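J.: Any chance you could fold what I've pasted below:
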Amino acid sequence: TTDVFAGGVSPYLPLNISPEIERQIERVLILAEKPVMTRPIAVATVLEALHDAREKDEELYEQVKIYLMRYTHDVGIPYLSAEVSVSTGDSDQAIPNQHGKDVSSSWEVSGDIYYRLGSYVLFNLGGIAYDGNATPTGSMLSIGIDYAQLDIGYRDHWLSPFTDSSALISTEAPTMPSITLSNYRPISRLGLSYEIFLAEMSESSRIAYQDSYTTGKPRLAGVHLQAEPVSGIALGINRQLQYSGGERDNDGFGDFVNALLEPSKYDNTSSSLSSDQEFGNQQASLTARILFPGRIPFAAYFEYAGEDTSRYNNYLLGNTAFSLGIDFPLLWKRFQFTFETTEWQNGWYVHHVYGDGLTNKDRVTGHWFGDQREFNENSGGMSHMLRAGFQLRDGAYLQGVYRTLKNEPYSSVNYERMQEIELSYSSPWHGQLLGVELDAGRDIYGEKYVRLSASVDLEQDRVMMSGKGVSAVADMEDLTDVLLDIGMTYSMIKTDRGNWQEGEFPDWKSNNVNAHLGLGARRYVSEHGDLGVRVEWDRIGGHDLISARIADYRYRIVNGFALDCFFGVGRYDFGTAAYGWYMGMGPQFLNLLPKWDLCIDGRFFLKMVRDKLLESDPPGISKPDVFNVAAMTVYLSRRF
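T.: Numbers count the residues shown, from 1 in each chain. Reported below is the predicted structural model:
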């Protein structure tokens, strides 16, 4: 079936339309060790992954293959669905990732039809409509080959490995018209992939220009680059630029390149650059996804994003957001489990030039936390998402999702904790898929709501899974170790409270010896190499320091001795969280006792930054707090 797309264009799977098949496709890609870093996913990518997943889950293979066959014809309707709902309560909260729909919407229809003209041209006509909005999502012309596919039209974008959120761009807002160039087949042995797009946002009358406002449609450009040097392991970098609109005419190619390569110089107001001369508003992120094969396969993934640069430095992210997630596609043969969490600093999705911020049709274009606060209010906060799925024996699917969010208390708005639970049940009936969903929750203002909806997928021509489970995975060789670390850390911290001239609050240093704990996983990647992830806890200068190793590489030099090196993100809890890069390396003495390794790490945390937002912060100093930490850690690591 992959011959249908061999060398030509591929259609995309819809985003956040059918949770049942989307979870099954996630399982296929994890079992086949295909890390997903962007969405929508090309159908050709899943078809190729099916062959690798077949030996691990034969039933899943048959299920997804039958579903994907609807995309392999010259003409087809891959999906057509309708939903009706009733709701109670006073909340108008946005439903996360549903193209702008809120809990009061009483209906929705969506669908897509395609026509293939040979191998290199594909026409799609699609759309999503609900109370108050209709967008031709999925309507586009696709031209090209597997290494360079051009999509012109209403194509969704999602620059993140996360399934429930994306800091830069997601499906939280209605789809924008765009031009996109990307590849679905990786290039070279490094597994290089790219995506470049230019979109037009909805009209805004609050674009600052020459001490007044101008009205226009800002542009949104995005760049994604990723590498998959080893099967199942991918690293990506993303940039997004909001610019132009109305009388702001800084939209030349030279302006774009300068802002892309030197954002601290061309995209920050300073003594040499006025607000009118700024290129616009930028965001950047580093993403990673590592798949761990074995008896219980799972994926660990990260996103470290910045709304700006820090201290006019191109490699330091300012106003950061950090997300981490873990996904188990197959637990006890019939369960799936996912946990994702995000913490963000102030400053996200608002901007002094673009008064409406990063929004399209009044919805934030990125993480759903941006719609869980007052318009143009920029407090930090933290969100969590927990999702569990269960495949019933009659082919039905049951899923529960819990989300919660709390904005920081320093905000001028008295926010409450947002909580919601979503329970959905779907089952085949006479060749169609019927679904029922119950949503209940409380929003950030304390308003409660309950929403009951029923849906039908009118093009559900696939065979549902029996839910019997699979035994092949349990028989596989386990190439993954789970790690537990216990030890001690000697650290030195240097703190800059931003008083570069005042002198009332001098910089201070502190030396500490404290306990060290770590939890992680590591997988075999070559004859001498292993790669993994870790989350670590230390107590430094009287405050908690939590660090996440996004990539942790160990090289086994000789039997019993290895060298480890890593990099990641550090979070220092100093009233509010300070974030920054960290890195380190050190020797490991293996198997001092069975499954026990002795490790010595030197670590350095580079410029973890937080803004002064609390009443306890030094008054009259606007420059941020900056923390540098050097640490030596000795610990025992137990492998499970």
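
J.: quick one: buried residues of stretch 200-209?
T.: The neighbour-count check on stretch 200-209 (16 or more other C-beta atoms under 10 Å) flags Glu200, Met201, Ser204, Ile207, Ala208, Tyr209 as buried. (C-beta placed from N, C-alpha, C; glycine too.)

J.: Please apply the same query to stretch 91-100.
T.: Using 16+ other C-beta under 10 Å as the burial criterion, the residues of stretch 91-100 that qualify are Ser91, Gln93, Ala94, Ile95, Pro96, Asn97, Gln98, His99, Gly100.

J.: Give the burial count for His245, as a bare number.
T.: One correction, residue 245 is Gly, not His. Counted with other C-beta atoms under 10 Å, the neighbours of Gly245 add up to 23.

J.: what residues are up against it?
T.: Met201, Ser204, Ile207, Thr214, Gly216, Lys217, Pro218, Arg219, Tyr354 (C-beta atoms under 8 Å, 6 or more residues apart in numbering).

J.: Would you mind giving the buried residues of stretch 200-209 as TSV with distance to Leu286 added?
T.: As requested, these are exported to TSV (distance: C-beta to C-beta, whole Å):
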residue	distance to Leu286
Glu200	27
Met201	25
Ser204	29
Ile207	29
Ala208	30
Tyr209	33
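
J.: Report the two of the buried residues of stretch 91-100 separated the most.
T.: Farthest pair in those (C-beta to C-beta) is Ser91 and His99. Separation: 18.6 Å.

J.: Name the residues of the longest helix along the chain that are buried.
T.: What stands out as the longest helix in the chain, according to DSSP state H, is helix 19-31. By neighbour count on 16+ other C-beta under 10 Å, the buried set for helix 19-31 is 19-31.

J.: in the sheet, who's paired with Leu606?
T.: Trp581 (DSSP bridges).

J.: Show the contacting residues for it.
T.: By C-beta under 8 Å, 6+ apart, Leu606 lies in contact with Leu316, Gly580, Trp581, Tyr582, Met583, Asn628.

J.: isn't Gly441 right up against Glu420?
T.: Yes: judged on C-beta atoms under 8 Å, Gly441 makes contact with Glu420 at a distance of 2.9 Å.

J.: Can you work out which residues contact both of those two?
T.: With C-beta under 8 Å, 6+ apart, Gly441 and Glu420 have common neighbours Gln93, Arg403.

J.: Where does pLDDT dip in the stretch 351-500 of the chain?
T.: 459-478, 499-500 (pLDDT under 70).

J.: again, 80 this time
T.: 393-395, 430-431, 459-478, 498-500 (pLDDT under 80).

J.: for the chain, same thing?
T.: 1-6, 17-20, 249-277, 308-315, 333, 393-395, 430-431, 459-478, 498-508, 619-622.

J.: hey, where'd the helices end up in it?
T.: 19-31, 43-53, 58-68, 253-261, 263-266.

J.: Also compute the angle for the second one relative to helix 19-31, please.
T.: It stands for helix 43-53. Going by axes from the mean of the first three to the mean of the last three C-alpha atoms, to 10 degrees, helix 43-53 is angled at 60 degrees with respect to helix 19-31.

J.: what do you get for the fourth one?
T.: Between the axes of helix 253-261 and helix 19-31, defined by the same axes, to 10 degrees, the angle is 70 degrees.

J.: And helix 253-261, what's buried?
T.: Neighbour-count burial for helix 253-261, counted by 16+ other C-beta under 10 Å, picks out Asp255, Phe256, Asn258, Ala259, Leu260.

J.: With Val353 as the reference, measure out to the residue lying closest to the fourth one once chain neighbours are set aside.
T.: Right, Ala259. Closest residue in space to Ala259, ignoring its immediate chain neighbours: Phe279 at 3.7 Å, by C-beta to C-beta, 6 or more residues apart in numbering. According to C-beta to C-beta, to the nearest Å, Phe279 stands 10 Å off from Val353.

J.: overlap in contacts of those two?
T.: Common neighbours of Phe279 and Val353 (C-beta under 8 Å, 6+ apart) do not exist.

J.: Asp443 versus Ala321, what's the distance?
T.: Per C-beta to C-beta, Ala321 is found 21 Å from Asp443.

J.: picking that back up, for the helices of the chain, give me JSON lines that also has distance to Glu536.
T.: Listed next are the helices of the chain as JSON lines, based on distance: least, C-beta to C-beta, whole Å:
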{"stretch": "helix 19-31", "distance to Glu536": "25"}
{"stretch": "helix 43-53", "distance to Glu536": "33"}
{"stretch": "helix 58-68", "distance to Glu536": "35"}
{"stretch": "helix 253-261", "distance to Glu536": "34"}
{"stretch": "helix 263-266", "distance to Glu536": "30"}
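
J.: To Phe298, which of the ones you listed lies closest?
T.: Here helix 19-31 is closest among the helices of the chain (C-beta to C-beta), at 7.5 Å.

J.: contacting residues around Asn319?
T.: Per C-beta under 8 Å, 6+ apart, neighbours of Asn319: Gly306, Glu307, Asp308, Gln345, Asn346, Gly347, Trp348, Asp611.

J.: What is the burial count for the closest residue to the third one other than its chain neighbours?
T.: I take that to be Asp308. Nearest residue to Asp308 in three dimensions, chain neighbours excluded: Gly318, at 4.2 Å (C-beta to C-beta, 6+ apart). Counted by other C-beta under 10 Å, the residues lying close to Gly318 total 21.

J.: Kindly report the same for Ile546.
T.: Using other C-beta under 10 Å, Ile546 is surrounded by 15 other residues.

J.: Check Leu141 too.
T.: If you count neighbours by other C-beta under 10 Å, Leu141 ends up with 14.

J.: cool, Asp276 as well?
T.: If we define neighbours as other C-beta under 10 Å, then Asp276 has 14 of them.

J.: what about it, distance to Thr215?
T.: 16 Å.

J.: hang on, the earlier thing: in JSON lines: the buried residues of helix 19-31, plus distance to Gly541.
T.: Output for these, formatted as JSON lines (distance: C-beta to C-beta, whole Å):
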{"residue": "Pro19", "distance to Gly541": "45"}
{"residue": "Glu20", "distance to Gly541": "49"}
{"residue": "Ile21", "distance to Gly541": "50"}
{"residue": "Glu22", "distance to Gly541": "44"}
{"residue": "Arg23", "distance to Gly541": "43"}
{"residue": "Gln24", "distance to Gly541": "48"}
{"residue": "Ile25", "distance to Gly541": "46"}
{"residue": "Glu26", "distance to Gly541": "41"}
{"residue": "Arg27", "distance to Gly541": "44"}
{"residue": "Val28", "distance to Gly541": "47"}
{"residue": "Leu29", "distance to Gly541": "42"}
{"residue": "Ile30", "distance to Gly541": "40"}
{"residue": "Leu31", "distance to Gly541": "44"}
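
J.: ok, which pair from these is furthest apart?
T.: Farthest-apart pair in those is Pro19 and Leu31; separation 18.6 Å (C-beta to C-beta).

J.: which residues touch the closest residue to Thr287 other than its chain neighbours?
T.: Nearest residue to Thr287, sequence neighbours excluded (C-beta to C-beta, 6+ apart): Gly236, at 4.3 Å. Gly236 makes contacts with Met37, Thr38, Leu159, Pro161, His224, Leu225, Gln226, Ala227, Leu286, Thr287, Ala288, as judged by C-beta under 8 Å, 6+ apart.

J.: List just the nearest of these to Tyr115.
T.: Lowest distance from Tyr115 to the contacts of Gly236 (C-beta to C-beta) belongs to Thr38, with 25.3 Å.

J.: Count the neighbours of the residue nearest to Phe390 when sequence neighbours are not counted for me.
T.: The shortest distance from Phe390 to any non-neighbouring residue, by C-beta to C-beta, 6+ apart, is to Leu398 (4.7 Å). Neighbourhood size, Leu398 [other C-beta under 10 Å]: 15.

J.: Repeat that for Met632.
T.: When counting by other C-beta under 10 Å, one arrives at 16 neighbours for Met632.
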